[in-house]
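S.K.: Return atomic coordinates for the entry below.
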Amino acid sequence: MQLIFEFFRSKKFAFKGETVIPTLRYAFYRFSLNAYRIYGDVMRVIILGGAGFLGKALSNQLAADRSYDVTVFDRAIPPENAQVPGVTYVEGSFQKDYDFASLIHGADLVIHLVSTSVPGNERSALDEIYGNVIPSVELFEACVKEEVGRVVFMSSGGTVYGASSRENSEDNLPAPINTYGLQKVMIEQALRLTTRGTKTEYQVIRLSNPYGPGQNPHGTLGLITKLVYQALNHKTIHIYGDGSVVRDFIYIDDAIQGIMDVIERGEADSTYNIGRGVGASVADVVDTIARTLPEKLDVVHVPGRNVDVPYSVLDITKYKGIASIHDFVSLDEGIIRTYQYFKEHRQ
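M.R.: Residues are numbered from 1 along each chain as shown. Okay, here's the model as predicted:
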């Protein structure tokens with residue numbers, strides 16, 4: 001089975017005329033994934049940044065499927081009681097000159113979730129290049145050298161498109177207005193260039209704004225998660241600006257299923273937006289929390305930030321063509337589930 005997979009994923013398997021090659025290779029990649037399950041073989045997956053909110057949920061999903069052998073790479077290994085059963089953990093720093101070749105040797109699929117910065121905490125362009133872009137390029141070059149079957153990069157649907165007044169599709173020209181979005185665009189382009197003409201395929205996922213159980217309510221990211229936690233614990237809620245900033249919020253279970261759909265159903269060498277495709281302002285979120293939860297809110301407005309994109313909603317038409325999700329978790333339902341989680345798991 002492994003030999004069959006190696007042959008069909010190889011870009012040496014080709015016919016004249018580039019238009020037919022991606023379709024054939026995509027079909028055989030799908031065939032290979034199914035064959036792994038049928039014949040009991042395992043696909044080796046490396047998740048960089050797999051101990052974080054998104055990574056842990058994705059590790060859970062992959063590890064539950066015995067056709068995947070999952071290794072997580074992160075800067076700190078979770079305590080034993082917080083580790084995903086069946087997952088191997090490797091501790092290391094995502095930085096220039098790390099031995100990525102040894103890490104990903106023998107891997108069929110590499111999923112790159114790492115970012116050393118977060119939206120809203122603006123860094124210099126050089127800091128982003130040194131901290132994120134250069135190590136990513138070295139990772140991609142190692143993947144090509146080791147002939148990894150596919151690299152999946154988690155980009156940012158909320159920042160790469162920049163300021164816009166309409167839903168953004170994958171064909172829209174990226175125009176980031178902060179350095180976090182800039183580094184994501186640069187890494188996307190580096191991945192496309194590095195894998196071009198090689199045996200390694202790529203997929204770029206531009207994810208919107210995930211939230212829900214498992215996210216750190218004390219961290220920088222996760223507006224809904226933080227607000228729900230603050231409401232439950234009767235803490236003051238601080239809102240930047242007038243609350244008019246609009247985001248495309250997606251519940252964590254839907255986000256993970258969307259990622260799995262791209263990996264297992266999506267086209268190779270392609271980019272996908274994943275979100276609900278529905279916008280909600282920060283004020284809408286606060287109103288929904290006040291309406292759905294039995295808590296009294298204490299809301300304070302503070303000055304807005306110029307690094308925040310005013311409107312960011314994704315056009316998910318392309319994703320819907322491969323989606324296994326029929327109905328996304330609504331904002332109301334996602335807030336209620338997150339609230340119930342925090343009531344049961346006090347932090």
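S.K.: Okay, helices next: where are they in the stretch 201-347 of the chain?
M.R.: Here the stretch 201-347 of the chain has its helices, by DSSP state H, counting those that start in this stretch, at 223-232, 252-265, 282-292, 317-320, 331-344.
S.K.: likewise the stretch 1-150 of the chain?
M.R.: Using DSSP H, counting those that start in this stretch, helices in the stretch 1-150 of the chain cover 2-9, 21-39, 53-63, 100-104, 125-128, 134-145.
S.K.: Out of these, point me to the one whose mean pLDDT is lowest.
M.R.: Among those, helix 2-9 has the lowest mean pLDDT, at a mean of 52.
S.K.: Now do the contacts for S244.
M.R.: S244 makes contact with S281, V282, A283, P310, according to C-beta atoms under 8 Å, 6 or more residues apart in numbering. Every C-beta, even on glycine, is put in place using the N, C-alpha and C of the backbone.
S.K.: Among those residues, which one has the most neighbours?
M.R.: Using other C-beta atoms under 10 Å as the neighbour test, those are led by V282, with 21 neighbours.
S.K.: hang on, the earlier thing: is it possible to export the helices of the stretch 201-347 of the chain to a markdown table including distance to D108 and mean pLDDT?
M.R.: As requested, the helices of the stretch 201-347 of the chain are arranged in a markdown table below (distance: least, C-beta to C-beta, whole Å; pLDDT from 0 to 100):
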| stretch | distance to D108 | mean pLDDT |
| --- | --- | --- |
| helix 223-232 | 33 | 96 |
| helix 252-265 | 11 | 97 |
| helix 282-292 | 39 | 97 |
| helix 317-320 | 23 | 98 |
| helix 331-344 | 33 | 97 |
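S.K.: out of those helices, deepest packed?
M.R.: helix 223-232 (a mean of 23; mean count of other C-beta atoms under 10 Å).
S.K.: who touches that helix?
M.R.: Applying C-beta under 8 Å, 6+ apart, the contact partners of helix 223-232 are 209, 211-212, 215-219, 235-237, 247, 249, 282, 285-286, 289, 293, 295, 297, 334-335, 338-339, 342-343, 347.
S.K.: try 7 Å this time
M.R.: The contact list for helix 223-232 (C-beta atoms under 7 Å, 6 or more residues apart in numbering) reads 211-212, 215, 217, 237, 249, 282, 285-286, 289, 293, 295, 297, 335, 338-339, 342-343.
S.K.: Check stretch 83-93 too.
M.R.: By C-beta under 7 Å, 6+ apart, stretch 83-93 touches 56, 59-60, 63, 70-77, 98, 103.
S.K.: Widest-spaced pair of those residues?
M.R.: N60 and Y98 (25.7 Å; C-beta to C-beta).
S.K.: any chance of the helices of the stretch 201-347 of the chain in JSON lines, plus distance to Q83?
M.R.: Compiled in JSON lines, these are given as follows (distance: least, C-beta to C-beta, whole Å):
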{"stretch": "helix 223-232", "distance to Q83": "22"}
{"stretch": "helix 252-265", "distance to Q83": "18"}
{"stretch": "helix 282-292", "distance to Q83": "32"}
{"stretch": "helix 317-320", "distance to Q83": "31"}
{"stretch": "helix 331-344", "distance to Q83": "19"}
